[in-house]
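J.: Please find the sequence and the predicted model below.
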Amino acid sequence: MDNNIFDRRMFLKSLAAVGVCSALPSVAFAKTQSANIFVWITLRGAMDGLNVVVPYGDKDYLPQRPSIGLHKNQLNKLDDFFGLHPALKSCYQWYQQGEMAFIHACASPYRQRSHFDGQKVLENGTEDPLHRDGWLNRFLSVDNKQHTIAIDSGLPLIVQGNAQADSWYPHKLKIKQQQAELLQDMYQSDQTLSDNFINALDIEKMAGHVKGGQQFHVLAQQAGKFLTSENGPNIAVLELGGWDTHAGEGAVKGRLASQLKKLDDGLSALKVQLGEAWSRTVVIAASEFGRTVAENGTKGTDHGTANAMLIAGGAVSGKKVITKWPGLAKSQQYKGRDLDPTTDIRSICKTVLHSHLGATNKQLDIVFPSSSELPVMNDLIRNS
């Protein structure tokens, strides 16, 4: 494809999201092939999965985290080895109800420690940070009846590419009918901008009046509103930053606990807004990489490798921690410092696309190139 055409398309999408019409992201809804719902949440900054899904049964955990380690009696017990951070109250309830699972010691193919490149690999679904389209966009391309919307001020890499994908974000700009008509007249000379503008007005009408600004639980609630609207999308992308806990990470309380509460509140708001649609929903929350096994000198953790993933929803066959646990002894750590990755994140994503959204094996090979050897976990999603 001509790079100039690609760049122009990206520019037009960006203009619709953050330019003159920052209030008016481009959107064109399509009927979906699947009635099921999928929500992806990028946890930007590298969440410390070892203090989220805590391996209290590993004797090497607490000695390496004397200040920030959580003790067994401080956790909500998941099984005889793992416990959940107490800030994830709703998640723990869902786990008990079989609507939540965790994947541990997982990672993307990325093995360096740059947030920027790690997030790119997580979202483009390849081994190359320079790859220019996202894996969710490739899924839209191979199944053109699907449609997605990103709850974001721009268009995240995961949904960038050739297929139609749009973004929405709360704003303070109020456009009256007369102003809208004038702007529409201005854009008549460019069919693409004109179509973007008209469709953007449709999504703003669907969004309605949004209270609470840009807080994560508000955005998650709004995602639920879009996903349950007539002719709305069945896929949504959100993000929550602030997980880079180099210092003052804390244990039961602290920076990490605060972040986890934001995530938990957002997931709860999403579930409430989805209502009965929660029964046909899968939500994945994942970071670009994990953090070091041992705490550092500022009572935090540094950039690591393997991590924990959260997967929730009424369509999830939950109440399980899925892992090939590598151990936390120094000799068992990746490069002598990190949790060793034993599960590829792409396996989980492939599972959701296949078992929940109906992707074929041939389509999965396009969405996740060079991953045909990665298994689909058929017991993770309930039978539709």
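T.: Right, received. Where do you want to start?

J.: What are the contacting residues of stretch 251-260?
T.: Applying Cβ atoms under 8 Å, 6 or more residues apart in numbering, the contact partners of stretch 251-260 are 47-48, 51-52, 67-70, 74, 85-88, 240, 242-243, 245, 248-250. From N, CA and C alone the C-beta is placed, and that goes for glycine too.

J.: Out of the residues you listed, which end up buried?
T.: 47-48, 51-52, 68-70, 85-88, 240, 243, 245, 249-250 (16 or more other Cβ atoms under 10 Å).

J.: Now compare these and name the two farthest from each other.
T.: Of all pairs drawn from the buried ones among the contacts of stretch 251-260, the one with the longest distance (Cβ to Cβ) is Gly69 and Leu240, at 24.0 Å.

J.: tell me the average confidence for the helix or strand encompassing Ser141?
T.: Element membership of Ser141, judged by DSSP states H and E, is helix 135-142. Averaged across helix 135-142, pLDDT comes to 92.

J.: and that helix, what does it pack onto?
T.: Judged by 3 or more Cβ pairs under 8 Å, 6 or more residues apart in numbering; DSSP states H and E, helix 135-142 is in contact with strand 165-168, helix 361-367.

J.: give me the low-pLDDT residue ranges for the stretch 1-150 of the chain?
T.: For the stretch 1-150 of the chain, the stretches with pLDDT under 70 are 1-33, 144-147.

J.: All the strands of it, residue numbers only.
T.: Remark: strands assigned in the stretch 1-150 of the chain by DSSP state E, counting those that start in this stretch are 37-43, 53-54, 76-77, 83-84, 100-107, 148-151.

J.: wait, His303 sits on Asn296?
T.: No. In this structure, His303 is not within contact of Asn296 by Cβ atoms under 8 Å, at 10.7 Å.

J.: who has more neighbours, those two?
T.: Per other Cβ atoms under 10 Å, whichever of His303 and Asn296 has more neighbours is His303, with 20 against 15.

J.: who's in contact with the more buried one?
T.: His303 is in contact with 46, 113, 115, 289, 291-292, counting by Cβ under 8 Å, 6+ apart.

J.: Report the distance from stretch 316-325 to the chain centre.
T.: Taking Cα atoms, centre = their mean, to the nearest Å, the mean C-alpha location of stretch 316-325 is offset from the chain mean by 18 Å.

J.: List the buried residues in it.
T.: Within stretch 316-325, the residues that qualify as buried are 316-318, 320-323, 325, counting by 16+ other Cβ under 10 Å.

J.: tilt between the lengthiest helix in the chain and strand 37-43?
T.: When secondary structure is assigned using DSSP state H, the longest helix within the chain turns out to be helix 255-274. With axes from the mean of the first three to the mean of the last three Cα atoms, to 10 degrees defining the directions, helix 255-274 sits at 160 degrees from strand 37-43.

J.: Next secondary structure element downstream of helix 255-274?
T.: In the C-terminal direction, the helix or strand that comes right after helix 255-274 (DSSP H and E) is strand 281-286.

J.: Skipping adjacent residues, who's closest to the spatially most central residue of the chain in space?
T.: Residue closest to the average C-alpha location in the chain (Cα atoms, centre = their mean): Ile41, at 1.9 Å. The spatially closest residue to Ile41, leaving aside those adjacent along the chain, is Ala285, at 4.1 Å (Cβ to Cβ, 6 or more residues apart in numbering).

J.: how many neighbours does the one you found have?
T.: The number of residues near Ala285, taken as other Cβ under 10 Å, comes to 22.

J.: roughly how far is stretch 51-65 from the heart of the chain?
T.: Centroid separation between stretch 51-65 and its chain, computed with Cα atoms, centre = their mean, is 25 Å.

J.: Alpha carbons only: can I get that stretch in PDB?
T.: Included here for stretch 51-65 are C-alpha records, laid out as PDB according to Å, rounded to 0.1, in the frame of the first residue of the first chain:
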ATOM      1  CA  ASN A  51       1.800  -7.800  43.700                       C
ATOM      2  CA  VAL A  52      -1.500  -8.100  41.900                       C
ATOM      3  CA  VAL A  53      -1.900 -11.900  41.600                       C
ATOM      4  CA  VAL A  54       0.500 -12.700  44.400                       C
ATOM      5  CA  PRO A  55       2.300 -16.000  44.600                       C
ATOM      6  CA  TYR A  56       2.200 -16.300  48.300                       C
ATOM      7  CA  GLY A  57       2.900 -20.000  48.000                       C
ATOM      8  CA  ASP A  58       6.400 -19.400  46.500                       C
ATOM      9  CA  LYS A  59       8.900 -19.300  49.400                       C
ATOM     10  CA  ASP A  60      11.100 -16.900  47.400                       C
ATOM     11  CA  TYR A  61       8.500 -14.200  47.100                       C
ATOM     12  CA  LEU A  62       8.600 -12.400  50.400                       C
ATOM     13  CA  PRO A  63      12.300 -12.500  51.000                       C
ATOM     14  CA  GLN A  64      12.900 -10.500  47.800                       C
ATOM     15  CA  ARG A  65      10.200  -7.900  48.700                       C
END
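
J.: Relative to Asp152, how far out is Trp94?
T.: Counting by Cβ to Cβ, to the nearest Å, the gap from Trp94 to Asp152 is 25 Å.

J.: Tell me which of the two has more neighbours.
T.: For Trp94 versus Asp152, the count of surrounding residues by other Cβ under 10 Å is larger for Trp94: 25 against 20.

J.: how about the more buried one, what does it touch?
T.: Contact partners of Trp94, counting by Cβ under 8 Å, 6+ apart, are 100, 312, 318.

J.: mind checking the SS state of the last one?
T.: Local secondary structure at Gly318 is given as coil here, using DSSP: H, G, I helix; E, B strand; the rest coil.

J.: what pLDDT does it get?
T.: pLDDT, the model's per-residue confidence, is 97 for Gly318.

J.: shouldn't Gly290 be in contact with Gly49?
T.: Yes. Using Cβ under 8 Å as the test, Gly290 is close enough to Gly49 to be in contact (5.0 Å).

J.: shared neighbours, the two?
T.: Common contacts of Gly290 and Gly49, defined by Cβ under 8 Å, 6+ apart, comprise 306-308, 339.
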